[in-house]
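Enquirer: Predicted coordinates and the sequence they were generated for:
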Amino acid sequence: MSSEKNASGILLVEDDRATRNLLRALLLGEGYRVFVASDGASALAAMRNEVPDLAIIDLHLPDISGIELASLLQPEVPFLAFTVDESEQALQTCIEKGALGYLVKPMAAEPFLRHVQVALERGRDQRNLRRALKDNRLVNTALGVLMGYWRLSEPRAFDALMAYTTARNLKTFDVSTRIVAAINALSAETGADHVATEARLFLDEFGSVLLKGDS
């Protein structure tokens, strides 16, 4: 077992005892440190002792919804949704909230563990980049613009910004500058303002990024 796995802590939030025990055993067998909870309240209580690297959350909990819980944990804790709900609406909601994966029960052990490993890697990359950018006011302002313009969660806005810059081989700070300038142009829009029109077209480009991320 790798030291990387041994260093990773996972919060497992599942109200069904049999499922919870099975998943816990699978994760422990891979060397992960596992914290279990049966509802939202106990999950938040577990967070007081240690912030996990990943949360695996059942969407249907007895006290609050899994989506509500995920919103309370983010952006510090990335999450995987784990549910029997195969509806498009549930999937779309999780995507909008920045879920790193949508796992439908029942799921075999091998694909489940593979999804967990990929989510941990993505979550680690996001945290490292956030730490590098967290003190930059410009980037934070740009994220706020995307969150407001597209009604995104912070993790989802962050993913959109990273996807846009990567696809176009641009610097994060340069794109952030354009985002802030665009929203300022829209705020000052008067009549047939071509600057505001260009600003809106630029911000709308993130729509294609979001759609690609959803596919």
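Expert: Alright, I've got the coordinates.
Enquirer: Secondary structure of Ala55: a strand, I assume?
Expert: Yes - the assignment for Ala55 is a strand, going by DSSP: H, G, I helix; E, B strand; the rest coil.
Enquirer: distance of it from Glu30?
Expert: According to C-beta to C-beta, to the nearest Å, Ala55 stands 17 Å off from Glu30. From N, CA and C alone the C-beta is placed, and that goes for glycine too.
Enquirer: could you point out where the protein is predicted with low confidence?
Expert: Counting by pLDDT under 70, the chain contains low-confidence ranges at 1-6, 134-135, 189-192, 211-215.
Enquirer: What segments of it are helices?
Expert: Using DSSP state H, the helices of the chain run over 3-6, 17-29, 40-46, 66-73, 88-96, 109-133, 137-150, 154-167, 172-187, 194-214.
Enquirer: Packing partners of the third one?
Expert: When contacts are defined as 3 or more C-beta pairs under 8 Å, 6 or more residues apart in numbering; DSSP states H and E, helix 40-46 sits against strand 9-13, strand 33-37, helix 66-73.
Enquirer: I'd like these written out as JSON lines, with mean neighbour count and distance to Ala99 added.
Expert: What follows is the helices and strands packed on helix 40-46, written out as JSON lines (neighbours: other C-beta atoms under 10 Å; distance: least, C-beta to C-beta, whole Å):
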{"stretch": "strand 9-13", "mean neighbour count": "24", "distance to Ala99": "13"}
{"stretch": "strand 33-37", "mean neighbour count": "19", "distance to Ala99": "18"}
{"stretch": "helix 66-73", "mean neighbour count": "21", "distance to Ala99": "7"}
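Enquirer: Redo the ones you listed as CSV? Include distance to Val51.
Expert: CSV is the format used below for the helices and strands packed on helix 40-46 (distance: least, C-beta to C-beta, whole Å):
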stretch, distance to Val51
strand 9-13, 8
strand 33-37, 10
helix 66-73, 9
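Enquirer: Is Ala55 bridged to anything, and to what?
Expert: Beta-bridge partners of Ala55, counted by DSSP bridges, are Leu11, Phe79.
Enquirer: more neighbours, Ala55 and Glu30?
Expert: Ala55 (31 against 17; other C-beta atoms under 10 Å).
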